[in-house]
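Undergrad: Provided below are the primary sequence and the corresponding predicted coordinates.
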Amino acid sequence: MPTSKRSANKTARKKVLLLVENLSVPADPRVWREAQTLIQHNYEVSVICPRGDKRDLEAYSYLDGVHIYRYPLNTEITRATDYLREYLTAMLRTLGLTFTVWRRHGFDVIHAANPPDTFFLIGRFYQCFGKKYIFDQHDLAPEMFHIKFNDRMKPLYHALKFFEYLSYRTADIVITTNESQKLNAIHRGRCAADKVVVVRNGPDHVQLHTVPRDLELKMGHPFLLAYIGVMGLQDGVDYVLYALNELINKRGRRDIGLVLMGDGDQLTHLKQLTEDLLLNEYVHFAGWIGKQELLRYLSVSDIGLSPDPSNQLNDHSTMLKTMEYMAMGLPIVAFDLLETRYSAQEAALYATSNNIEEYANNIELLLADSELRLKMGAYGHQRVEEELSWLQTRQHLIRAYEKLFGSAPLVDSTQPLKSSLQPVTGD
């Protein structure tokens, strides 16, 4: 009997509690892929997250084996102090729901996605009860704040750097999305290298596939440019509109349409900018759309746009949209950022950072050369399938969990970036 009990304990399923504040679940693609991967590898998974605006509205749902608990949260940010209100509300409601999950399902590890970088307080509390804590760094929160508020509220910026440091120090394992962020964890966070594992933000290439082309989506234009994703200040969607203005109003082209798929706090500004630049007949704001509608637009598009400008945040971030374009076989025009170049390599043409005229030149170059578009698209598709898809990168997530629970050594086999990598710095 004692032997069978020990055997049962060794094979008991570990239980994971995922915390996320930035998006609802399953709308957050990375968190949802992580949850599904853990389920497939015999972990039990619960999630605590905010409710969405138009979807994920239920306070509780059980979806594809995952228990999801949601709380209401106002995420409208108009001034720096709104972050304090949002994060404090999220922390208190998340903490309350952790007791609910602990009582109903239990958990062995808290896996917290940032931003914010304040979940370490919850992690530290539960470490007192023998629980593990994983800090999953999606973005560099201090740099995100710096970009959004243009170097204002420096005391709050420095507080965010301190919270990031405490998150690194509290975590049993740190997960980052790329090697740039790993270096930040090692240098700014003083983490041991074997404590940090890179789990790249790869797309699910099986879900991204071409569908029959619906030419009506091109709005009567021979060519269609596409942007997908969040439309925040740091995402640079205004650069797309300025590049389109360069092509249409300054160079006289009338053969280009643009579809913008997504939403964010810059949406109103972008719509006004479209009117001011007299581009209304060339631009369609599709909003957040379902997977099938997304596939329809991407299947008929000619070029995918990654307009993220160079700044302290984007220079060290991996853009999921870039790899989604690649999975769909689209050539890309992007600004020359370190992590974007690592992801896309020969699938993109790169403009000097924040240079609108050069960005427009690259769009024109691709529009004029159908063979080049096909060659770059095929290269990107193959690169996603063989190296960057979630099917490949999720192996490192499981390896991190095996290390956490002592069942296997952590070997981070992601290919390291060489030469130009530097740790993040800030004032």
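TA: Okay, I see it. For clarity, every value in this text was computed on a predicted model and none was experimentally measured.
Undergrad: please count neighbours and contacts with C-alpha atoms only from this point.
TA: Fine.
Undergrad: what residues of the lengthiest helix in the chain count as buried?
TA: Counting residues, the longest helix found in the chain (DSSP state H) is helix 81-104. For helix 81-104, a neighbour-count test (16 or more other CA atoms under 10 Å) marks 83, 86, 87, 89, 90, 91, 93, 94, 95, 97, 98, 101 as buried.
Undergrad: and those residues as CSV, adding distance to residue 253 and pLDDT?
TA: Formatted as CSV, those follow (distance: CA to CA, whole Å; pLDDT from 0 to 100):
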residue, distance to residue 253, pLDDT
83, 43, 69
86, 45, 82
87, 46, 83
89, 49, 91
90, 48, 91
91, 51, 93
93, 52, 96
94, 51, 97
95, 55, 97
97, 55, 98
98, 56, 98
101, 57, 98
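Undergrad: mind putting those into JSON lines with distance to residue 166?
TA: Compiled in JSON lines, those are given as follows (distance: CA to CA, whole Å):
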{"residue": "83", "distance to residue 166": "18"}
{"residue": "86", "distance to residue 166": "20"}
{"residue": "87", "distance to residue 166": "16"}
{"residue": "89", "distance to residue 166": "20"}
{"residue": "90", "distance to residue 166": "18"}
{"residue": "91", "distance to residue 166": "16"}
{"residue": "93", "distance to residue 166": "21"}
{"residue": "94", "distance to residue 166": "19"}
{"residue": "95", "distance to residue 166": "18"}
{"residue": "97", "distance to residue 166": "23"}
{"residue": "98", "distance to residue 166": "20"}
{"residue": "101", "distance to residue 166": "25"}
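Undergrad: kindly indicate which of those lies nearest residue 129.
TA: residue 98 (13.2 Å; CA to CA).
Undergrad: check contacts around that closest one.
TA: The contact partners of residue 98, taken as CA atoms under 8 Å, 6 or more residues apart in numbering, are residue 48.
Undergrad: sketch out the low-pLDDT regions of this protein for me.
TA: 1-11, 75-81, 83, 150-153, 407-427 (pLDDT under 70).
Undergrad: domain parsing of it, as residue ranges.
TA: The record's domain parsing of the chain by automatic domain parsing lists 13-202+390-404, 215-387.
Undergrad: among those, which comes closest to residue 208?
TA: With CA to CA as the criterion, residue 208 lies closest to domain 215-387 of those, at 6.2 Å.
Undergrad: am I right that residue 61 sits in a helix?
TA: No - counting by DSSP: H, G, I helix; E, B strand; the rest coil, residue 61 is not part of a helix but strand.
Undergrad: Throw the domains of the chain into a markdown table and include distance to residue 208, thanks.
TA: As requested, the domains of the chain are exported to a markdown table (distance: least, CA to CA, whole Å):
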| stretch | distance to residue 208 |
| --- | --- |
| domain 13-202+390-404 | 12 |
| domain 215-387 | 6 |
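Undergrad: out of those domains, which gets nearest to residue 209?
TA: Comparing the domains of the chain by CA to CA, domain 215-387 comes nearest, at 5.8 Å.
Undergrad: so how far is the closest one off the chain centroid?
TA: Per CA atoms, centre = their mean, to the nearest Å, the displacement of domain 215-387 from the mean C-alpha position of its chain is 17 Å.
Undergrad: start to end distance for it?
TA: Domain 215-387 has an end-to-end distance of 32 Å (CA to CA, to the nearest Å).
Undergrad: returning to what we had before: just the buried residues of helix 81-104 now: which is nearest residue 130?
TA: residue 98 (14.9 Å).
Undergrad: residue 319: neighbour count?
TA: 20 (other CA atoms under 10 Å).
Undergrad: so how far is residue 50 from residue 175?
TA: 22 Å.
Undergrad: please disregard the earlier target; I meant residue 178.
TA: In this view, residue 178 and residue 50 are 26 Å apart by CA to CA.
Undergrad: cheers, nothing more for now.
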